[in-house]
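J.: would you be able to build a 3D model of this:
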Amino acid sequence: MKFKFNNKYVRWGLTSFLVIAASITFYYLIFHSSNIHEKFSLIMGILMPVIFGLVTAYLLTPILNFMESRVLVPLFDKFQIRETRSRRKVIRGIGILVTAFLFVALIYGLISMLVSQIVPSVEGIVSNFDSYVSNVSNWIDQMLDDNPEIGAYLSKTFDKFSEQLEDWLNHLIPGTATLIRTLSLSFINILDVLWDFVIGFIISIYVLASKEHFAGQAKKLMYAVFERDSANKIIRNFRFTHRTFIGFLSGKIIDSLIIGVLCFIGTSLMKTPYAILISLIIGVTNIIPFFGPFLGAIPSTILIFVVDPMHPLNCVYFALFALALQQFDGNILGPKILGSSTGLTGFWVIFSITLFGGLFGVVGMIVGVPIFAILYAAVRSIISNRLSGKKLPSETILYETVDYIDEDGFHEAMPVRKGFKRKRTENFPQKENSSAERTQKENTCEREGTKRK
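T.: Purely as a prediction, here's the structure:
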């Protein structure tokens, strides 16, 4: 007997099976989520080198494309080397070697700077911590001599804080062994992460070497599973996602490097203490949109104040410099580099950072903006398509003062703002009925309804 998938009983059975499977899955997600999370964490831990490799290859792809299209291909054309398969392999091999060399050089430079500059700065802060505390204490004593009321309040607060600190130390001392064990495990975890990173870097070389082949396999899968129009739409959406992500991340990294260098130049001219450490803090936190400059400027300002509290103007000068640097980045440098890579307004940027930062921490704050930009574009596309199906325009400005819409067009609840002109459409011309015409139309509708009855 020949099996027919279009048989209604087969479809009913398949539908019932899918409903039961979905119900069981939903039950386990609700009541056994801890087991699912544990298995998922185990799988993610096993695949972590592959994830590192894919992420590294994705971030290095723009560099490889630039080296091939702007440097190697023109160079081979200049020497009149014919376009062959072996030529493409040679170009790809040289491009990967140069890209890998630049990546390793960047990692080596960061580690060298960390060891030669940042670590001594941190050691200097730790070794001079007692003197910094003494400087702050002297500044507080000087302030209290001039303001005895504030001194009495701070003395009471300090006594209360001292009691809490003593209780905390009493609980901390018995847990020293646990703390040492935790630090040892953390060191082992760091070694595991470094090993995963090395394996991931090797995997990224293979991914870069065959990235077009992998892309072709993914497209072939899309056309095999989905209809042609659906597959085309999915591929277009993936391209948009790629442009949004790579445009935002690469632009933000370049922007943060420039801001870090400018901060180092400014702090060196102002003779700010720990200029390299502060510039690194400002540059790294600048990767986080909107909140990043404040997250870097506040601890840096506190550090400058703690080092020399007797000269608070140094702290004020740095705060003004950081504010000017943030304004320059937000109004001039950032728009030049990033352009309209996200298309989000300021409110949605803050919303996305708050949401994804609360869900995924610092990583969520960095990638939250491009992720939300993709979701926002998807919702906007769906709304535009639905409005187009109903023969309605998609411009938001047209709906700001709408009272109602009928077959005659838009009817306003208030006048249109000055400086904006509404676009006319064939299906919905801009027409405003007077109150007399509206009353006459309502009376006609009532008479027609009475005749029908």
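
J.: contact partners for residue 334?
T.: By Cβ atoms under 8 Å, 6 or more residues apart in numbering, the contact set of residue 334 is residue 255. In this view, the C-beta of every residue, glycine as well, is placed from N, C-alpha and C.

J.: helix or strand for it, which one?
T.: Element membership of residue 334, judged by DSSP states H and E, is helix 334-338.

J.: for residue 405, same thing?
T.: Applying DSSP H and E as the criterion places residue 405 in strand 402-406.

J.: got it, and residue 297?
T.: helix 292-307.

J.: residues in contact with that helix: which ones?
T.: Here helix 292-307 makes contact (Cβ under 8 Å, 6+ apart) with 125, 132, 135-136, 272-274, 277-278, 281-286, 288, 312, 314-315, 318-319, 322-323, 325-326, 329-330, 365.

J.: hmm, back to that, C-terminal to the helix holding residue 334, what's the next element?
T.: helix 346-389.

J.: run the angle between the helix holding residue 297 and helix 346-389 for me.
T.: Orientation check (axes from the mean of the first three to the mean of the last three Cα atoms, to 10 degrees): helix 292-307 against helix 346-389 gives 180 degrees.

J.: go through helix 292-307 and flag the buried ones.
T.: 292-293, 295-297, 300-301, 303-307 (16 or more other Cβ atoms under 10 Å).

J.: next one: stretch 355-370
T.: Quick answer for stretch 355-370 (16+ other Cβ under 10 Å): 356-357, 364-370.

J.: for stretch 238-250, same thing?
T.: Buried, per 16+ other Cβ under 10 Å, within stretch 238-250: 241, 244-250.

J.: of those, just say which sits nearest to residue 61.
T.: Distance to residue 61, by Cβ to Cβ, is smallest for residue 246 among these, at 7.4 Å.

J.: wait, that closest one sits on residue 61?
T.: Yes - taking Cβ atoms under 8 Å as the definition, residue 246 is a contact partner of residue 61 at 7.4 Å.

J.: just the strands in this structure please.
T.: In the chain, the strands defined using DSSP state E lie at 402-406, 409-412.

J.: worst mean pLDDT among these?
T.: Lowest mean pLDDT of the strands of the chain: strand 409-412, a mean of 78.

J.: and residue 335, how far from residue 329?
T.: Using Cβ to Cβ, to the nearest Å, residue 335 is found at 9 Å from residue 329.

J.: higher neighbour count, the two?
T.: More crowded of residue 335 and residue 329, by other Cβ atoms under 10 Å: residue 329, with 21 against 11.

J.: do I have it right that that one meets residue 263?
T.: No - the pair residue 329 / residue 263 is not scored as a contact, 10.1 Å apart, by Cβ under 8 Å.

J.: show me the contacts for the most centrally placed residue in the chain.
T.: The C-alpha lying nearest the average C-alpha coordinate of the chain belongs to residue 367 (Cα atoms, centre = their mean; 2.0 Å). With contacts defined as Cβ under 8 Å, 6+ apart, residue 367 is in contact with 245, 249, 356, 360.

J.: do that again at 10 Å, thanks
T.: Contact analysis of residue 367 by Cβ atoms under 10 Å, 6 or more residues apart in numbering lists 245, 248-249, 352, 356, 360.

J.: distance of it from residue 76?
T.: The gap separating residue 367 from residue 76 is 37 Å, by Cβ to Cβ.

J.: ditto for residue 326
T.: 44 Å.

J.: if we can go back for a sec, export the strands of the chain to JSON lines and tack on distance to residue 348 and mean neighbour count?
T.: Shown next, in JSON lines, are these (distance: least, Cβ to Cβ, whole Å; neighbours: other Cβ atoms under 10 Å):
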{"stretch": "strand 402-406", "distance to residue 348": "23", "mean neighbour count": "11"}
{"stretch": "strand 409-412", "distance to residue 348": "26", "mean neighbour count": "17"}
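
J.: low-scoring stretches of the stretch 301-450 of the chain, by residue?
T.: Where the stretch 301-450 of the chain drops to pLDDT under 70, the residues are 339-343, 413-450.

J.: ditto for the stretch 101-250 of the chain
T.: Those would be 119, 125-126, 129, 132-133, 136, 140, 143-148, 150-152, 154-190, if you go by pLDDT under 70 across the stretch 101-250 of the chain.
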